[in-house]
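J.: coords please:
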Amino acid sequence: MLEIYDCTLREGEQAGGVSFSVKDRVDIVKALDEFGIEFVEVGWPIQEEVLEAFEALEKEKLGTKLVAFGSTSLVKDVEQDANLNSIIESKAKYACIFGKTWLEHIEKQLKISKEENLEKIFKSITFLKKNRLDVFYDAEHYFDGFKANSDYAFATIKSASLAGASRIILCDTNGGSLPEEVKEIVKKTADFLKENKLNAKLGVHIHNDSGLALANSLEALPFIEHVQGTINGLGERVGNLDLCEFIPLLMLKKKMKLSFNLEKLKPLSNLVYKAANLPSQIRQAFVSERAFSHKGGVHIDATSKGASYSHIKPEDLGLEHSLILTSLGGSACVVSTAGKFGIELDKKDEKVKTKIKEVIDYLREQEKRGYDLGNIEAEQFMIINKFFGNYKEFFKIEKWEISTGDKGSKAFVKLKINGDEFEEQEQVSGGPVEALYSALKKAVSKKYPEIDKLELTDYKVRIAKAEGSESSVRTSIDFSDGESFSTVGVSENIILSSLEAIEKAFNYYLNLIN
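T.: From the prediction side, this is the model:
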C-alpha cells in the first residue's frame, strides 16, 4: 500500500502570503482525516501556534497520524537542541526531520565537514528514537546531491537508516529534476537500500518548480512506498506535488486501491484555499470550477446528448458536468442551460430561434464588458428566465448616494416597489459596500421581510477591462441563507459594480422564494 503524507500546514504555509491560524490547522487536519490521509504534518512545533495546534488536536478523535516537523540538530549537543525538544514537547508519535545531502549546502550553509553532517543526522534521529518517536527522514536536495556525489548521498541515507529512521524520503527540493533523472536515481537508491539490508521505507517529496512534480512522482512509484505532497500544490515558490491531482489520478487512472473518499476532495480543496486566503486555480485538474465545465458549442451539444468530452466521470468525485453560458456555446449552450432550469426549448421553433439569438447577442455584449458569467448558476437563471421564463424585478433602485471616510461610511437608497417608494439610510463604521448593502437590505425588507435571511458571505474584485485609470472592475459577491450563490457586477465605478451585484442577488433570491 502506498502511504500518502500531507504537509500542507508546513509546506503550504511557506507559499507567499499564506498563514494558518490554530483554528485553520485544526479544521484542515479534521478535513484531511475525513478524506482519509494517513499522515498529516501539523507543522514545526518550535513555532508557538503549531504547538497550540497539537494541544488542540489532542482533544479530537482522529484516525490520521499527526507528525511534528523539524530539522537535524541545530547545535552540537542534540539533547540541548530546542528544535528537537519542541518535537518531543508536541507529544506527537511521529517526527519528520530534514537533513543535508548536497555537499554544496553542507560546506556553504552549515559550514561543517561531510563527516560532521553524517554524525548530525545519526545523533538527531537516535535522540528522537530514544524518546519513543517514529522518525521519518527527509533527505533535502537529494537529487542534486546525488548528481554531484552519489556515494555521499548514499552515505547520508545509510546514516539515517542505521539510526532508526523508518522512512527515507528523497526530496527534489528545488524542483529542478527531470522525470528520467528521478526514475533513475530513485531506482538506484532503492537498490542501494536493498543491497545494504536497510529496511526503511522509501518515499519522495517533489517540488513543482519545473512543472514536473506530478510527472516525477509518478515516475518514482514503482520503487517507493511513501509520497509527500500538499492540498492544491501549495508550497515554497511555485509549490509542491498537488495531492488533489495525484490521488484521483492514482485511483481513477492507475486503479490503485486506496481508501480515500474522493467526494470529500473538492470540499477539502475549497477549505484550504479559503484558509490560505487564495483564489482557486481554474486550471487545476479534477477539483477546479472548470474541471468539468463546457464552453464550446460542439462540446455542450455532445455532453447534453450523453457523449462526454470529459476524461472521467465527474460523479466519481461527487461532482457533475457544468455548462458555461457564453456566446461561443451557440444555441446548444442556451438550450442546455434552459433545460437545467426546467425550461424545454425547441430549436426548430422560429420564435424560440429568435429568442436564442437575442440571448447570444446579449451574452456577447456582456462578455465585451468583462462580465465573465461562466458557470455562475444565479446569473444563468436570471438570463434564461428573463428571456424565456417569468423573471420578475421585485424592486427598482431610483437613487443612491454614498459617502465614506476615516470615520466610516454612510449610504442612502431610494427604491420603487409596485409603485410605492421606500427610502433608507444607514451609517456604519466600515466601508461603503457594507453601508450600501445594509441600507438596501433594510429598504427591501420593508416590503419583503424574508430578505433578512440573506447574508453577504464573500466579496471579490478584479479588473474586468484594463484601461489604466479608466479600467472597469468585476465584482463577485457570495450570499447565503444556508444555501450559497453568487452574482456579478461590472462598472468603471467599484461602488456601482458592487451595487449591481447586490441588487441582482436580492432580486434573484426573491424570485426563488416567491
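J.: okay, CA-based contacts and neighbour counts for the rest of this
T.: Noted.
J.: residues contacting stretch 258-267, please?
T.: Here stretch 258-267 makes contact (C-alpha atoms under 8 Å, 6 or more residues apart in numbering) with 1-2, 34-37, 244, 248, 251, 287-288, 316-319.
J.: now do stretch 345-352
T.: Contacts of stretch 345-352 (C-alpha under 8 Å, 6+ apart): 331, 335, 338-339, 353.
J.: report the buried members of the residues you listed.
T.: 331, 335, 338 (16 or more other C-alpha atoms under 10 Å).
J.: residue 346: which element?
T.: Here residue 346, judged by DSSP states H and E, is contained in no helix and no strand.
J.: around residue 99, how many other residues sit close by?
T.: Other residues lying near residue 99 total 24 when counted by other C-alpha atoms under 10 Å.
J.: what does residue 278 give?
T.: Neighbours of residue 278 under the rule other C-alpha under 10 Å: 12.
J.: what's near enough to touch it?
T.: Here residue 278 is in contact with residue 18 (C-alpha under 8 Å, 6+ apart).
J.: what stretches of the stretch 301-450 of the chain score poorly on pLDDT?
T.: The model of the stretch 301-450 of the chain has pLDDT under 70 over residues 301-312, 315, 318-324, 329, 374.
J.: ranges for the helices of it?
T.: Along the stretch 301-450 of the chain, counting by DSSP state H, counting those that start in this stretch, helices occupy 330-340, 350-369, 377-388, 432-445.
J.: now those as JSON lines including distance to residue 420?
T.: What follows is these, written out as JSON lines (distance: least, C-alpha to C-alpha, whole Å):
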{"stretch": "helix 330-340", "distance to residue 420": "33"}
{"stretch": "helix 350-369", "distance to residue 420": "31"}
{"stretch": "helix 377-388", "distance to residue 420": "23"}
{"stretch": "helix 432-445", "distance to residue 420": "12"}
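J.: quick one: closest of those helices to residue 490.
T.: helix 350-369 (7.4 Å; C-alpha to C-alpha).
J.: buried ones in that closest one?
T.: By 16+ other C-alpha under 10 Å, the buried positions in helix 350-369 come out as 352, 356, 359-360, 363-364, 366-367, 369.
J.: returning to that earlier point: relative to residue 84, which of the contacts of stretch 258-267 is nearest.
T.: Distance to residue 84 across those (C-alpha to C-alpha) is lowest for residue 37, with 24.9 Å.
J.: tell me the secondary structure of that closest one, please.
T.: coil (DSSP: H, G, I helix; E, B strand; the rest coil).
J.: need the helix or strand of this protein with the lowest average pLDDT.
T.: Averaged element by element with mean pLDDT, DSSP states H and E, the chain has its least confident helix or strand at helix 297-304 (a mean of 48).
J.: now do the SS call for residue 146.
T.: Residue 146 ends up helix, using three-state DSSP.
J.: so it sits against residue 102, correct?
T.: Yes - assessed by C-alpha atoms under 8 Å, residue 146 is found in contact with residue 102 at 7.4 Å.
J.: anything in contact with each of these two?
T.: Residues touching both residue 146 and residue 102 (C-alpha under 8 Å, 6+ apart) are residue 153.
J.: these two - which one has more neighbours?
T.: Legend: neighbour count by other C-alpha under 10 Å for residue 146 and residue 102, higher for residue 102 (24 against 18).
J.: contacts only, for that one.
T.: Contacts of residue 102 were listed using C-alpha under 8 Å, 6+ apart, and they are 140-142, 144-146, 148-149, 153.
J.: show me what contacts residue 511?
T.: Each residue near residue 511 by C-alpha under 8 Å, 6+ apart is listed here: 391-392, 394.
J.: repeat that for residue 54.
T.: Residue 54 is in contact with 42, 90-92, counting by C-alpha under 8 Å, 6+ apart.
J.: one more pass at 10 Å, please.
T.: 22, 25-26, 42-43, 45, 66-68, 89-92 (C-alpha atoms under 10 Å, 6 or more residues apart in numbering).
J.: filter these down to the buried ones and hand me the PyMOL line.
T.: Of these, the buried ones go into a single PyMOL selection, burial set by 16+ other C-alpha under 10 Å:
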select buried, resi 22+25+26+42+43+45+66+67+68+90+91+92
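J.: just send the contacts of residue 54 back as TSV, with secondary structure too.
T.: As requested, those are arranged in TSV below (three-state DSSP):
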residue	secondary structure
22	helix
25	helix
26	helix
42	strand
43	strand
45	coil
66	strand
67	strand
68	strand
89	helix
90	coil
91	coil
92	coil
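J.: just the closest of the contacts of residue 54 to residue 12, please.
T.: residue 43 (10.0 Å).
J.: is that closest one bridged to anything, and to what?
T.: Beta-bridge partners for residue 43, by DSSP bridges, are residue 68.
J.: residues contacting residue 462?
T.: 472-476, 490, 494 are the contacts of residue 462 under C-alpha under 10 Å, 6+ apart.
J.: out of the buried residues of helix 350-369, which comes closest to residue 344?
T.: Of all those, residue 344 sits closest to residue 352, with 10.4 Å by C-alpha to C-alpha.
J.: quick one, which of the contacts of stretch 258-267 are buried?
T.: Looks like the contacts of stretch 258-267 have 34-37, 244, 248, 287-288, 317, 319 buried, using 16+ other C-alpha under 10 Å.
J.: specify which member of those is nearest to residue 461.
T.: Comparing these against residue 461 with C-alpha to C-alpha places residue 288 closest, at 19.4 Å.
J.: once you drop chain neighbours, what's closest to residue 31?
T.: residue 268 (6.2 Å; C-alpha to C-alpha, 6 or more residues apart in numbering).
J.: and the strand or helix carrying that neighbour, what's buried?
T.: Using DSSP H and E, residue 268 sits within helix 265-276. Neighbour counts over helix 265-276 (16+ other C-alpha under 10 Å) mark 265-266, 268-273, 275-276 as buried.
J.: ok, stretch 6-21 next?
T.: Buried-residue list, stretch 6-21, by 16+ other C-alpha under 10 Å: 6-15, 18-20.
J.: domain assignment for this structure?
T.: As assigned by automatic domain parsing, the chain contains the domains 3-276, 293-385, 396-513.
J.: comparing these, which yields the minimum mean pLDDT?
T.: When the domains of the chain are ranked by mean pLDDT, domain 293-385 comes last with a mean of 75.
J.: hmm, back to that, and the contacts of stretch 258-267, which two are furthest apart?
T.: Maximum pairwise distance in those, criterion C-alpha to C-alpha, is 27.8 Å, between 1 and 288.
J.: where along the stretch 201-350 of the chain do the strands fall?
T.: 201-206, 226-229, 293-294, 322-323 (DSSP state E, counting those that start in this stretch).
J.: residues in contact with the residue nearest to residue 391 when sequence neighbours are not counted?
T.: Distances taken as C-alpha to C-alpha, 6+ apart put residue 385 closest to residue 391, at 5.1 Å, once the chain neighbours are dropped. Residue 385 sits next to 338, 341, 343, 391-392, 511 when contact means C-alpha under 10 Å, 6+ apart.
J.: thanks again, I'm all set now.
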